[in-house]
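Engineer: Build me a model:
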Amino acid sequence: MIANQQILQPTLQPTWTPERIDQLKSYFAAGLSCRDIAVNIGVSRNAVIGKLSRLNLTRTSPEERRARRKRSSHPSQKSTAKQPFQIRHAVYDQEPDDAPIVSANHCSLLELSEQHCRWPISTPGAEDFCFCGNTPLGGMPYCSGHYRLAYQVGSRHRAARG
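Structural biologist: Now for the predicted structure:
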């Protein structure tokens, strides 16, 4: 029965017909974005970017590209994340490392929100499993005590603190 049936193969149309390439060039010359060109032609944005690249169509001149490469070749100053450093500094200056953590506001998974410390207490699946529930530090998932456990400073920072 299979021998008698013909398997129909779909005919594949080329994505980039000469008409589409002409449209691409005219839209590009008009200054449309790759997204807008893709919507107008009926292809994906990545297809437009790839075809522009293969056609060597760019919006920058060779001099601008050289200048950009030259600027990026110099090592830039690394930006530092100030908020975690400030929080860590505030937490470690405030409480000693061996201070006990008091979790007086235990909450269940259903009660857990951004206003509760998300540190798990006990083992998941156990009857007494819950979360700390204390007020977390601004923008962090844990209270100050559990923050110290989760984000321990390296030996270099411990030596600097004395």
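
Engineer: quick one: least confident helix or strand in the chain?
Structural biologist: Scoring the helices and strands of the chain by mean pLDDT, DSSP states H and E places helix 155-161 at the bottom, with a mean of 57.

Engineer: and stretch 122-129, C-alpha only, in PDB?
Structural biologist: Presented in PDB, the C-alpha positions along stretch 122-129 are these (Å, rounded to 0.1, in the frame of the first residue of the first chain):
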ATOM      1  CA  SER A 122      14.500  22.700  58.400                       C
ATOM      2  CA  THR A 123      14.400  20.300  55.500                       C
ATOM      3  CA  PRO A 124      11.900  20.600  52.600                       C
ATOM      4  CA  GLY A 125       9.100  18.000  53.000                       C
ATOM      5  CA  ALA A 126       9.400  17.900  56.700                       C
ATOM      6  CA  GLU A 127       6.400  18.800  58.900                       C
ATOM      7  CA  ASP A 128       8.300  21.700  60.500                       C
ATOM      8  CA  PHE A 129       9.600  23.200  57.200                       C
END
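
Engineer: for it, the distance to its chain's centre please.
Structural biologist: Per C-alpha atoms, centre = their mean, to the nearest Å, the displacement of stretch 122-129 from the mean C-alpha position of its chain is 32 Å.

Engineer: again, but for stretch 116-127
Structural biologist: 27 Å.

Engineer: Now it: buried residues?
Structural biologist: Across stretch 116-127, burial judged by 16 or more other C-beta atoms under 10 Å covers 116, 117, 118, 119, 121. For the C-beta atoms, the positions are set from N, CA and C on the backbone; glycine is no exception.

Engineer: I am finished for the moment; much appreciated.
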